[in-house]
Each structure stands twice: as C-alpha cells, then as structure tokens.
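[1] Below are the sequence and a predicted model for it; my questions follow.
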Amino acid sequence: MSAAQHIRVSGIVQGVGFRPFVWRLAHDLHLAGWVRNDSRGVEITAEGPQAQLYALIERLQREAPPRARVDAVTAHPVAPEGLDGFRIVESTSTRCATAIGADTAVCTDCLGELFDPLERRWRHAFITCTHCGPRYTIAHGLPYDRSRTSMSGFALCAECSREYADPSDRRFHAEPIACPHCGPKLRLLDAAGLEITGDPVAATLERLRGGAIVAIKGLGGYHLACDARNATAVAALRARKDREAKPLAIMAANAASLAGLAVLDADVERLLNSAERPIVLAPKCSGADRELDGIAPGLASLGVMLPTTPIQWLLFHEDAGRPAGLAWLTEAQPLVLVMTSANPGGEPLVTGDAEAIERLTGIADAYLQHDRSIVVRCDDSVVIARGGAAPAFVRRARGYTPQAIRLAASGPPVLAVGALLKNTVCVTRADEAFVSQHIGDLDNAASLRFFEESVQHLLTILEVEPQVIAHDLHPDFHSTSFAATLGAARAIPTIGVQHHHAHVAAVLAEHRHREPVIGVALDGIGLGTDGGAWGGELLVVDGARMRRAGHLATLPLPGGDRAAREPWRMAGAALYQLGRGAEIATRFPRQRAAGQLAELIERGVRCPPTSSLGRLFDAAAALLGVAEVSRFEAEAAMRLESLAHGARGEIAAGAWRIDADGTLDLLPLLGLLADSRAEPSAAAALFHATLAAALGAWIAGAAARTGISTVVLSGGCLLNGILRERLEAALRLAGLRALCPINLPPNDGAISVGQAWVALCAGEV
Ligand code: ZN
Ligand code: ZN
Ligand code: FE
C-alpha cells in the first residue's frame, strides 16, 4: 500500500551534501520522489510504503552529514502520484531563508587524494568535496548553487560532471568541485606582478626558504607569509607592514610540529584540528622566543594554526619532499610560516588580485594567487585556549560566520550596527541572530566601505527588511550616523543601546537567559547614559531595561583617547589622585608631556573622568614599568598579564574600598604598585589576584543587595585569562552563577548581537 509524505528540513542543510544524502536514503529505502533546495531549507516528496517513509523521516535527523545542522523536520501526508525513481531537482529561486555553510578545512578524504600521486587531484590546489572547502566566502547569494558562487565561470569537465551527477560519489552535487583540467589555476607573480614560470608551489616555497615575504591568497583574503624561523624575514615583514610589536600568527603542518613552541593539550589540539581552523592562542614554550624571534615578543602566548586550504597544505607537502600518503601528517615538520592578515595600515583584508599588487607593493616580494575570486572578505578567527574550559573568542570570523546564534525569542527583523572598534553587524530573522564576520575598526574609509557592504550582504543573503535599527549611544561613531541615515531613509525606528548594556545583553542572548541579572562590564571605554566614559560597570539588566548599580571609582583620562595609547598617562592620573602628582615627571622622564600632566589634570583640560577597567590596567602596567606606551591595542594589559603567568599572586587585603553607593575604588591598589619593590612578575600577579578579589566582593555585595544571584561577565578585559579564572572562582565561592561569553567574543565584536537582543526585548515591552 503506497503512501506519500511532503517533508521539509530546516537548519544548515544547503551546501553540506544534504540532497545527495537524502537521495542515498531514498534509494536505500526504495522510495520514489524528489528532493530540492528551497527558500526555507530542503523540500522532499517521497512515495512508498508507510513504514519506509517513517524510517526516512527518522534517519534524516539521525544520519545527517557531518557539516549539516538539522533544526527541524516537518512532514505531512499528501496523495501519492505514482512517481518513478528518486531525483534531485533544481532549486526553486524564490525567496530564500536558509543558511549558507561556513568555510571549512580540507577533509581527510580530500587530503588522501591531494597527496596520492595516482589520484587525478594529486596536488590540486582547489580540491574540495561535499564535506569540506569554501562556502561562505565564495557565495553571492542563496540558494547555494554553483551558479551563485565564484566557481560559476569554471565549467565542469566530463570527469567532474560524472562525479557531480553520481549519487554514490563523495562529490555528488558538491557545488565548488573542480580538477586540474577544469578548475582555477595557481600562479606565482613577482613583486612587479609578472608571472614566474615553473611550479607555483615549488617556486613559492623556494622564495619563502630564501627569506622572502609572499602574499598568499586564502579563503577570505590574502595572508602575508614568511619563514617564521628567519628573524631577518620576520623583522622585514614587521618593518614593511609597519607592525612594530603586535604578535604574528604562525602556521605549522600539524600539532607535532609545534612541540617546543607552544604548549598543546588535548583541547588545543582539538581546536587546531577542527574544521573551523581558528588561530589558537596557546601558552608559549620557554624556548619559543629563541626559535621564533620577533613573533610574539613579551607575551606568554603564541597564536598558532594549522593549514586550512589545499594551497597551504601543498606548501608543507612540498617542504616535506612531496611524500605520498598521509603518514607525514603525524610527523613533526620543520617548516613554520608566519601567516598574518594582509591588511596594511589596519584597513580591511586584501581580497582582490589586482588590489593585492596595488596595496601590498613594497610589502610582498611575490604573490601566490589564482583565478577563483573571493566574494566575501573574512579574516581568520582567533580563540584563546583555556585549558579544559570552553575556549574564548577573540575574533569570530572564518569557519564560524555565518552560523547563527539561536535566540530565546522571536521578533521583527532587527539590524544592529555595532560600535567603533572590532566592529561587527548583526541581523536577526525570527529567533536567529546572524552576526557578521569581524569587520574591524571603523576609523578609515576602507573599513567604512566594508561595514556598509557587510550590512548589505547580510540583508541580501537573509532576504530581510529590517524593522528596527539598533546602534551605540556614541553620536560620533560612523555606525551611529549610518543607523540614523538608514532609519530615516526607510522610515523605521532606531534605538540607541548603551555600550555596556549591549555587552551584557550579548551574553544574555547567547545563553537564552531571560531573567534579571547583575551585568558586569569589564571594558575599555564606552559612552554612558550620563555622557561619561564608562568601562568598569555593575549594571542590573532585565532585557531592555538597565540600571547602573555601581562602577569603578573614576580616574582622569588625560588627553582623552590618547591615554589608551599612552598608559603612562593613566599612571600619571593615578599618581595625581594619590596626591603624588609631583612624581609624574620623575617617573616618566622620557615622556615630554609628563611635566605638565598634573597641571592639565588640575585644570581639567581634556581630562574627562573614566570608570574604565582597561585604563586601570594601563595605569597598573605603567606604574610597574611594564609598558609606558601601547604599540597596539591593549599591549600594556597583555604584557602585564603575561608577566603574571606562573606567579602565585597574593591578595593585598584592604587595597580597595567599596562605597555605599556601589563604587569600587582601587586607588589603594595602584598606590601599592607605585611603591612596590617586589619582582615585576610578583607585583603583576598581586595586581591580578587583588583585582579579582575586589571585583568578586563588589559583585557579591550587589547580589546581596538586589537578591539577584546570576551574574553576567562581559567586556574586553575578560580576555585576560588570569582575571577571568580568578573572578569566576570568586563568584563560585560566593554561591553566584556566572554567565560568560562562549560563542561570541567578550569584546566589542559582540556589541551588535547585544544591541539586537535589546531591540528585540524592547519590542516586546
Ligand atoms: Zn573533502
Ligand atoms: Zn574537472
Ligand atoms: Fe566595549
């Protein structure tokens, strides 16, 4: 007795081999019918015995392919039409509302072919299959079909067509497949942009071994690569890129090759080998600085990653002498490459081939590129390994974008435009929040263009019309004026969300937590509702409502934004507050403005008060002589943390005051540091331990006053592992539950999600 079911599957089900999977299931179960991609996911009509149909519905969930995420399977009976056989039919090109997959590293099956001289894709730089390879960065729109990717110009050869059409093949309906005959071609260009003859991989490796800097086209943009063990090459890269001290990420063939460089535990190895392939910040081995001179000076951790693309794999394969098979992948390989984003001057990553030669002139000695274009720019993701605990995101981009964050409530589409630094944008659709890849600091024209493109791209691929636009309170941010202009043009409301409210709300959003919380923002600077420079905040947050229940005692911010780049100014501010302004000039004789600082603070010239914890870190670092200036964002704080690693950390009891109005004053602690005669590492550890104890006591006091026992921890300072660990322990001890960022960074990269969540909650009130 034949029956029929019409089935819909939603989730990440396009571009992950879902239709071939359905086809195989249907054949296995002897069902007739068809499957296709549609606007909401995958649509199936199946005919056959009722029991087999039920088996199909059940197995759709249970056996879904590795890269798929099935959110829902719904089925309803329809009249059988007497169909013959089971077919994959063309996508309907109606309104699209499903997700594109993220870019993933080359899978093991493909690696097996890549290194097998008998395979037709031996050393093919564009090898991919249903389970791996580029997705988000090559897709113009949905549904996800080859015609809407940057592979559309490469017609499949007969052999590839056969694989594409063969349901039993791993490449059945894999959209970006190609082979050496029909696919994109690698080429190596010299500094002048002229093609270098010979094997591009071999020629690139030869140059890298010779100390050259080569721009290499990756998935979401170009990298600049050089031999990480060649200090001269590393110094040249720093000088040419005008990147004095900011740490550089390195790439090795496998975890074994990182022995002696980075401390790897099982969690780090799992992260390194994950399909997402982020840069993992792992503790540095003691001898690492000798072997990798100039890579991450003064820091306790090292950014490491393993190859993601076939091109990267081929360089290591070449260096190993083109071994056949996979055995070499488990053996330590000597080659270690610097792999840093090609983004001169803090501008967005270079993605275009002509653009690369134009913008990287004077930086790159050669260009390894190809003719598959990058449609969507996407930086490498960066995570911090946290020894057994969930890793923390520093930057969420390649490999993770555009995976959605599932929200606790549904509402009209919101566009949230983020803040100024580490900008991301976020668009909600029903109960999902889609956060863009890391866009960068909106302080240059190129980043502003990337920002506007990202808004447009997200709205296009999600096909939503925003009903509300959420933005930061700061009137001078480009994101804020963009929101106002777009809101006026579309005649839709805009909502300003306080910066630290957004930090806390981002954590609430990803935890799907809807009860009131004590929201703690340990941050740089964000504009407060009173116009002040907030950044060490204790808020009571209930969805769209926020009340400031406490903050750090303020320090003057001498010179405004300049103070963030010159931590000695914050040390000066602390000395002034301690009544020791006369010491400023003698402590910082190299700083020309030191002589006048006390007077400027006295007269209140460009010295707004700030409650920022980030600036307090700066003050501590400069008082201890760790860093007078920060050559990259948060350098002083990072060096201070690195110094504290491994030291025990005494708590200086009584080095803080908590006032009745909820103000936490850490000035006594800064005074202790100013007079410290201890080893810098012991003093740095004491600072961390005391700060965490003070924050813990402060938060516990607020919990007792309000009767709220759930605490959200947020803000950029939470990337400080020592602070975070100690603070979490203190809260546990106080019987409080702490919610921390997991799938989003604690820094401003998550602001857009928080803004969107506040806007959704505001709509419900
Ligand atoms: Zn594969
Ligand atoms: Zn082919
Ligand atoms: Fe912030």
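    Great, that's in hand. Ligands and ions are numbered 1, 2, ... in the order given.

[2] Any chance of the backbone angles for residue 511?
    Residue 511 adopts backbone torsions of phi -90, psi 0, taken as degrees, to the nearest 10.

[3] residues in contact with the residue nearest to it when sequence neighbours are not counted?
    Once flanking residues are discounted, residue 511 sits nearest to residue 739: 5.0 Å by Cβ to Cβ, 6 or more residues apart in numbering. Where you see a C-beta, it was placed from the backbone N, CA and C, and this is true even at glycine. For residue 739, the contacting residues are 507, 508, 511, 513, 517, 710, 711, 712, 713, by Cβ atoms under 8 Å, 6 or more residues apart in numbering.

[4] For residue 739, give its distance to ligand 1.
    Counting by Cβ to the ion, to the nearest Å, the separation of residue 739 from ligand 1 is 37 Å.

[5] Check residue 52 too.
    30 Å.

[6] got the buried residues for the helix or strand hosting that residue?
    Residue 52 belongs to helix 50-62 when elements are defined using DSSP states H and E. Residues of helix 50-62 classed as buried by neighbour count (16 or more other Cβ atoms under 10 Å): 52, 53, 55, 56, 57, 60.

[7] And the top helix by length along the chain, what's buried?
    The longest helix of the chain (DSSP state H) is helix 680-706. Within helix 680-706, the residues scored as buried using 16+ other Cβ under 10 Å are 680-696, 698-703.

[8] check contacts around the closest residue to ligand 2 within the stretch 551-700 of the chain.
    Using Cβ to the ion, residue 632 is the residue of the stretch 551-700 of the chain that sits closest to ligand 2, at 44.7 Å. By Cβ under 8 Å, 6+ apart, the contact list for residue 632 reads 243, 244, 245, 246.

[9] and it, which of the three is it?
    coil (DSSP: H, G, I helix; E, B strand; the rest coil).

[10] Same check on residue 325?
    Going by three-state DSSP: residue 325 is coil.

[11] how about the helices in the stretch 551-700 of the chain?
    562-565, 567-577, 583-587, 594-603, 613-623, 635-644, 667-674, 680-706 (DSSP state H, counting those that start in this stretch).

[12] cool, the stretch 351-500 of the chain as well?
    353-359, 445-462, 478-490, 499-511.

[13] Output the second one in PDB with nothing but the alpha carbons.
    Meaning helix 445-462. The C-alpha trace of helix 445-462 is given here as PDB (Å, rounded to 0.1, in the frame of the first residue of the first chain):
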ATOM      1  CA  ALA A 445      37.400  54.900   4.700                       C
ATOM      2  CA  ALA A 446      38.100  51.300   3.600                       C
ATOM      3  CA  SER A 447      36.700  49.900   6.800                       C
ATOM      4  CA  LEU A 448      33.600  52.100   6.500                       C
ATOM      5  CA  ARG A 449      33.000  50.700   3.000                       C
ATOM      6  CA  PHE A 450      33.500  47.100   4.300                       C
ATOM      7  CA  PHE A 451      31.000  47.900   7.000                       C
ATOM      8  CA  GLU A 452      28.400  49.100   4.600                       C
ATOM      9  CA  GLU A 453      29.000  46.200   2.200                       C
ATOM     10  CA  SER A 454      28.600  43.800   5.200                       C
ATOM     11  CA  VAL A 455      25.200  45.300   6.100                       C
ATOM     12  CA  GLN A 456      24.100  45.000   2.500                       C
ATOM     13  CA  HIS A 457      25.400  41.500   2.100                       C
ATOM     14  CA  LEU A 458      23.700  40.200   5.300                       C
ATOM     15  CA  LEU A 459      20.400  41.700   4.400                       C
ATOM     16  CA  THR A 460      20.700  40.300   0.900                       C
ATOM     17  CA  ILE A 461      21.500  36.700   1.800                       C
ATOM     18  CA  LEU A 462      19.000  36.700   4.600                       C
END
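
[14] Now do that helix: which elements does it pack against?
    strand 426-435, helix 478-490 (3 or more Cβ pairs under 8 Å, 6 or more residues apart in numbering; DSSP states H and E).

[15] ok, how many other residues are close to the residue of the stretch 201-350 of the chain found nearest ligand 1?
    Relative to ligand 1, the nearest point of the stretch 201-350 of the chain is residue 310 (9.7 Å; Cβ to the ion). By the criterion of other Cβ atoms under 10 Å, residue 310 has 24 neighbours.

[16] who touches it in this structure?
    Per Cβ under 8 Å, 6+ apart, neighbours of residue 310: 106, 110, 114, 124, 125, 126, 127, 128.

[17] Most neighbours of all those residues, which one?
    Counting by other Cβ under 10 Å, top hit in the contacts of residue 310: residue 127 with 28 neighbours.
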